[in-house]
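J.: Sequence below, structure please.
(one chain, ligands or ions: 1)
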Amino acid sequence: MPQGLAGKARMMFPLFEEYPRLRERLPRVALAKLPTPVAPMLRLGEALGLDRLYVKRDDLSDAEYGGNKPRKLEFALGKALHEGRRAVLTFGGAGSNHTLATTIYARRAGLGSIAMLVPQPNAHALRRNLLMSLLRGAELHYHRGMPGVVIGTLWQLLRHRVQDGRRPLLIPPGGSNALGVLGHVNAGLELKRQIDAGEVPEPDRLYVACGSMGTSVGLLLGLALAGLRTRVTAVRVTARIYVSGKKARRFFHGANRLLHAADASIPLLPFPEARFELRHDYFGEEYARYTEASMRAVRLARETESLSLEGTYTGKTLACLMGDAAAGALHGKAVLFWNTHTSRDFAPEAAGVDYHALPAPLRGYFERDVQPLDR
Ligand SMILES: Cc1ncc(COP(=O)(O)O)c(C=O)c1O
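T.: Model (predicted):
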């Protein structure tokens, strides 16, 4: 083994290495730099009274955007290219990380990107994402309600069909469907290799943000395939209609069936009831509305570990972990915080973009105050 790699898990994409038949059957564009590091958080652990607290640094999954996005988009964009599409169309809140990341990675794959956006509470991060979307060439459409999104989507699909000769591939909100889950199935296998290499103990508990459920359910399936007993705590940050046990089962079995159909040596697994927990108690008032607890968690992560989190997803997730630690529920346990947020700072680049170039209804976000907790 080369010097410096001893004890480190060396890998590229364990899902394909362990099941080579998948490589031919599931088109994938490699976007993420894998494996992402896993590291102890000694100072944060000390502050919370936890001896074995770790972080999975998916914030470092790629320099251009990162977070949970490259893993999510590898198979969707692979499908788009395989089918000869010219563009993808997807959905999100006005400041969506998902639509911005889709624009960035679609462009890398040579595809155009259309974003159907809906209102959300105002924030500096929202403004930055909008400006970066503009800069990276997203086609942005904004609708205030679901009927507008549906009609607008049908119109854009038709318009692009005529203009480009091909209908854009529709990627669901958050990139989550059976295919979008696969990147995080691989992440579960990646973690198993890091455990085997001694980089992290097998976590008793794993905390991860849950918006459209692809990340948490993909991990659950990957961990189950890897034979790990880790309990996944998925912290809901979106409205209840987007997150449920029923949807978790649908994604879990859908992704499992997809894999099994491509390689029959992959077993069909029962849904691991006892190892999946959905948490609703850190949601606050609404999606993307910061809470005092999430902002406390963001500050503590920055002060103790120089970790850059945000109020919509990862702050609420760490707040849940902190609440459980304070209640004594994590005493003596190995705990892993899965960081899904990009650590790329877009502020300098976004500062050079004029918001007046945005479609008129989106300019309001630059002319109204941000929410009070966004300091
Ligand atoms: C930073 C961040 N964390 C977590 C999530 C939620 O992941 P999922 O939609 O797969 O549940 C998102 C959104 O998609 C996100 O942008």
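J.: rest of the way, CA atoms for contacts and neighbours
T.: Fine.
J.: Excluding chain neighbours, what is closest to His280?
T.: Excluding its sequence neighbours, the residue lying closest to His280 (CA to CA, 6 or more residues apart in numbering) is Arg236, at 5.5 Å.
J.: So which bits of the chain are right by the ligand?
T.: Residues of the chain that fall close to the ligand, judged by CA under 6 Å from any ligand atom: 97-98, 174, 209-215, 313, 340-341.
J.: quick one: contacts of stretch 299-311?
T.: If you take CA atoms under 8 Å, 6 or more residues apart in numbering as the criterion, stretch 299-311 is touched by 41, 43-44, 288-291, 294-295, 298, 315, 341, 343.
J.: So which of those wins on neighbours?
T.: Gly315 (30 neighbours; other CA atoms under 10 Å).
J.: three-state assignment of it?
T.: Following DSSP: H, G, I helix; E, B strand; the rest coil, the label given to Gly315 is helix.
J.: rewinding a little: nearest to Arg57, out of the residues of the chain next to the ligand: which one, please.
T.: Closest approach between those and Arg57, by CA to CA: Thr340, at 7.8 Å.
J.: Does the closest one lie in a helix or a strand, and which?
T.: Of the helices and strands defined by DSSP states H and E, none includes Thr340.
J.: and it, how far is that from Leu318?
T.: Here the criterion is CA to CA, to the nearest Å. By it, Thr340 lies 11 Å from Leu318.
J.: of the two, who's got more company?
T.: Leu318 (29 against 23).
J.: Count the residues that sit near the residue lying closest to the more buried one once chain neighbours are set aside.
T.: Spatial nearest neighbour of Leu318, excluding adjacent residues (CA to CA, 6+ apart): Ala297 at 5.9 Å. Using other CA under 10 Å, Ala297 has 24 neighbouring residues.
J.: Val235 - how many residues pack around it?
T.: Neighbour tally, Val235, other CA under 10 Å: 29.
J.: Report the secondary structure state of it.
T.: strand.
J.: who touches it in this structure?
T.: Applying CA under 8 Å, 6+ apart, we find Val235 in contact with Tyr207, Val208, Ala209, Cys210, Leu278, Arg279, His280, Tyr282, Phe283, Lys316, Thr317, Cys320.
J.: hang on, the earlier thing: and the gap between the residue nearest to His280 and Gly315?
T.: Going from Arg236 to Gly315 by CA to CA gives 12 Å.
J.: what's the answer for Ala178, then?
T.: 27 Å.
J.: Would you list the phi and psi of the closest residue to the ligand within the stretch 1-150 of the chain?
T.: Residue of the stretch 1-150 of the chain nearest the ligand, by CA to the nearest ligand atom: Asn97 (4.8 Å). Per-residue torsions, Asn97: phi -70, psi -40 (degrees, to the nearest 10).
J.: That one - how many residues pack around it?
T.: Neighbours of Asn97 (other CA under 10 Å): 23.
J.: And it, what's its pLDDT?
T.: Residue-level confidence at Asn97 comes out at 98, pLDDT.
J.: Thanks a lot, see you next time.
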